[in-house]
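Chemist: here you go, sequence then predicted model.
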Amino acid sequence: MPTLTIVMPRVTRLHARPEWRANFSYLPEPVRVRWLQRAEALTSSTPDAAAIAHADWARAMVLRLSRANVPIMAGTDTPISLLTPGFSLHEELALLVEAGLTPLQAIEAATLTPARFFGLENIMGTIAAGKQADLVLLTANPLDNIRATASIDAVVRAGHLFDRATLDELLRAAPESDGRAH
């Protein structure tokens, strides 16, 4: 699990993107304020040679490991390093593709490979009759562009369909939530 989103933030400058900072609105207010301050401070700095070298090394290692058939899993270690839970996985998938994985390999790194790692591939990790199926339905094909994983049209979770309107309502309510599952 290379967690490129942790290795590469100063190089990718994710914290400088306004659309990324917008994700902070889903965090509790004290965290949101602190993260916005940290993002602003980081935005005024430039990546040093060591950060660039580490990022280049990490990308190269992902490709080398993949070519050597070492299983790669997607993970982000959120909520650290200004990585908003949920949103950061889409960024990790994009970074895996930038490192040389195919979009399918990146998707498998978040689905099938973890299921295999935990010995659960008979019940999850792929879509098949008799398997547990939490699904994200997209408006675009992520095999054409991995960033399409963020174009979510609907989610099926525990047998319940959450259409785009319902998802939007959940997102609108998130800042008002106390953070506990209900």
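Modeler: That came through fine.
Chemist: all contacts plus neighbour counts: C-alpha atoms, from now on.
Modeler: Noted.
Chemist: helix or strand with the lowest mean pLDDT in the protein?
Modeler: Ranked by mean pLDDT, DSSP states H and E, the weakest helix or strand in the chain is helix 9-12, scoring a mean of 80.
Chemist: if you count contacts, what does that one end up packed against?
Modeler: Counting contacts by 3 or more CA pairs under 8 Å, 6 or more residues apart in numbering; DSSP states H and E, helix 9-12 is packed against helix 49-67.
Chemist: the lengthiest strand in the chain: partners in the sheet, and parallel or antiparallel?
Modeler: Looking across the chain with DSSP state E, the single longest strand is strand 152-157. Sheet pairing of strand 152-157 (DSSP bridges) gives strand 135-138 (antiparallel), strand 160-163 (antiparallel).
Chemist: returning to that earlier point: could I have the least confident helix or strand of the chain exported to PDB, CA atoms only?
Modeler: Taking C-alpha atoms only, helix 9-12 is exported to PDB below (Å, rounded to 0.1, in the frame of the first residue of the first chain):
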ATOM      1  CA  PRO A   9       1.500  16.100  -1.100                       C
ATOM      2  CA  ARG A  10       4.200  18.800  -1.300                       C
ATOM      3  CA  VAL A  11       4.800  17.800  -4.900                       C
ATOM      4  CA  THR A  12       1.200  17.300  -6.100                       C
END
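Chemist: now do it: everything it contacts.
Modeler: 15, 42, 46-47, 51-52, 55, 81 (CA atoms under 8 Å, 6 or more residues apart in numbering).
Chemist: endpoint to endpoint, stretch 60-80 covers what distance?
Modeler: Stretch 60-80 has an end-to-end distance of 24 Å (criterion: CA to CA, to the nearest Å).
Chemist: quick check: which ranges of the protein have low pLDDT?
Modeler: Residue ranges of the chain with pLDDT under 70: 175-182.
Chemist: mind listing the helices for it?
Modeler: Remark: helices assigned in the chain by DSSP state H are 4-7, 9-12, 18-22, 29-43, 49-67, 87-98, 103-110, 112-117, 164-173.
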